[in-house]
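K.L.:
Sequence isn't available, so here's the structure alone:
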């Protein structure tokens with residue numbers, strides 16, 4: 001039982017792992033002994049991130065343009081030149097677009113759906129080989145898609161395409177879980193609420209707005225790094241091997257307590 005939540009020795013790919021939730025997850029996985037690949041779309045951020053994350057463990061930072069499926073395919077090919085097997089794929093990279101309804105442009109739909117829905121699908125499809133290589137009935141390979149509270153309940157955030165795209169990745173994850181179950185690959189969704197990331201910076205910089213938000217959270221705080229790391233480590237470890245097609249809410253009760 002002491003190894004129930006152990007992820008040491010596992011090979012993990014985290015998209016968008018240089019900042020925000022992805023960085024929290026990457027640091028947590030590295031500190032737990034996993035071999036981690038993270039991506040960033042900013043080539044000039046690779047060296048700094050490589051230095052910082054390598055101080056925590058076996059980490060490789062890759063520049064990858066995941067704004068369209070071609071970038072996802074290129075990343076998959078790069079991973080396959082480095083690793084014959086992949087234990088865990090965490091689709092974390094995301095994109096949002098905010099504007100009031102009357103000003104919300106048509107151009108805000110395709111790029112958001114590309115990043116939040118099609119790129120995760122393409123990565124899963126193109127990495128089936130190494131995922132299958134790592135998979136067994138007793139220890140499945142894991143896909144973890146990072147969803148959003150906004151894709152489950154109505155959050156008045158004026159991000160219409162983002163909310164729709166996250167609802168889409170939640171359902172797509174269930175479809176893929178059913179498709180891949182007999183290949184010993186699990187597909188689950190982690191559904192975060194509000195964390196101290198770039199996406200919430202505008203709220204955290206306004207004390208009145210932050211106070212109003214925290215009052216809406218049943219556990220009365222924003223999420224901490226340990227909260228999102230714990231969920232991902234659980235799903236990546238032996239403790240999470242019997243879950244697939246599930247949604248794990250890490251939102252302080254915002255969805256479940258309504």
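P.N.:
Here it is on my side, so go on. Everything numeric in this text was worked out from a predicted model, so none of it was measured.

K.L.:
from memory residue 166 sits against residue 153, does it?
P.N.:
No. The criterion here is C-beta atoms under 8 Å, and residue 166 misses it with residue 153 at 10.8 Å. Where C-beta positions appear, they are placed from N, C-alpha and C, glycine not excepted.

K.L.:
Can you pick out the residue with more neighbours from the two?
P.N.:
residue 166 (25 against 15; other C-beta atoms under 10 Å).

K.L.:
how about the nearest residue to that one, chain neighbours excluded?
P.N.:
Nearest residue to residue 166 in three dimensions, chain neighbours excluded: residue 151, at 2.7 Å (C-beta to C-beta, 6 or more residues apart in numbering).

K.L.:
What pLDDT does the model give the residue lying closest to residue 15 once chain neighbours are set aside?
P.N.:
Leaving aside its sequence neighbours, residue 15 sits nearest to residue 93 (C-beta to C-beta, 6+ apart; 3.9 Å). Per-residue confidence at residue 93 stands at 96 (pLDDT).

K.L.:
What about residue 93, how many residues nearby?
P.N.:
Neighbour tally, residue 93, other C-beta under 10 Å: 27.

K.L.:
and the residue nearest to residue 166, how many residues sit next to it?
P.N.:
Neighbours of residue 151 (other C-beta under 10 Å): 21.

K.L.:
Off-centre distance for stretch 117-130?
P.N.:
For stretch 117-130, the separation from the chain centroid amounts to 14 Å (computed by C-alpha atoms, centre = their mean, to the nearest Å).

K.L.:
Give me the common contacts of residue 166 and residue 153.
P.N.:
By C-beta atoms under 8 Å, 6 or more residues apart in numbering, residue 166 and residue 153 have no common neighbours.

K.L.:
picking up where we left off before, wait, doesn't the residue nearest to residue 15 sit right on residue 18?
P.N.:
No. In this structure, residue 93 is not within contact of residue 18 by C-beta under 8 Å, at 9.9 Å.
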